[in-house]
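Novice: Predicted model follows, preceded by the sequence.
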Amino acid sequence: MATVQECREALDDLAKRLAANAEDARKRLNLDRSLACRITDLGVAFHARLVGGQLVDIEDGDDKTAKIALTTTSDDLVALVRGDLDFARALGARRVSISASPFDLLKLRKLL
């Protein structure tokens, strides 16, 4: 099981990679939405904003009003960010779940 710190680092790494590819990320995912990332096995959550293809303002704690919520285990979060776990397969196997509006789901699909 990954630690809370490893999950935080994974989200920070994802934010850095999106920032490094800002132009491409903006083309693929131009949303301004609140995001919650819930880690079931650790009982913790993080929240942030997706803005113009960037993941910004990552903070500890849940956001019950987030427009997009990702729920997974700590190991799966770390594996997803590292590229060791295919997101579409993880979603199909119910290792990851996403709660969002149908419009946002269509937009998020562009990242796959």
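Specialist: Nice, thanks for sending it over. Fair warning: this is a prediction, and the values are worked out from it, not measured in the lab. Residues are numbered from 1 along each chain as shown.

Novice: Distance of the closest residue to Asp24 other than its chain neighbours relative to Leu18?
Specialist: Take Asp24 and drop its neighbours on the chain: the residue closest to it by Cβ to Cβ, 6 or more residues apart in numbering is Gly53, 7.6 Å away. For every residue, glycine as well, the C-beta is placed using N, CA and C. Distance, Gly53 to Leu18, by Cβ to Cβ, to the nearest Å: 6 Å.

Novice: which SS class is Pro63?
Specialist: Actually, residue 63 is Asp rather than Pro. coil (DSSP: H, G, I helix; E, B strand; the rest coil).

Novice: swap in Leu50?
Specialist: Per three-state DSSP, Leu50 ends up strand.

Novice: thinking it is in contact with Asn30, fair?
Specialist: No - with contact defined as Cβ atoms under 8 Å, Leu50 does not count as touching Asn30 (9.5 Å).

Novice: Neighbour count: these two, which is higher?
Specialist: More neighbours surround Leu50 than the other of Leu50 and Asn30, with 22 against 13 (other Cβ atoms under 10 Å).

Novice: Enumerate every residue touching the more buried one.
Specialist: Leu29, Leu31, Asp32, Arg33, Leu35, Ile68 (Cβ atoms under 8 Å, 6 or more residues apart in numbering).

Novice: Could you identify the least confident member of these?
Specialist: The lowest pLDDT within the contacts of Leu50 belongs to Leu29, which sits at 68.

Novice: Quick one: find the helix or strand in the protein with the lowest mean pLDDT.
Specialist: helix 22-28 (a mean of 70; mean pLDDT, DSSP states H and E).

Novice: so after that helix, what's the next helix or strand?
Specialist: Scanning forward in sequence from helix 22-28 by DSSP states H and E, the next helix or strand is strand 32-39.
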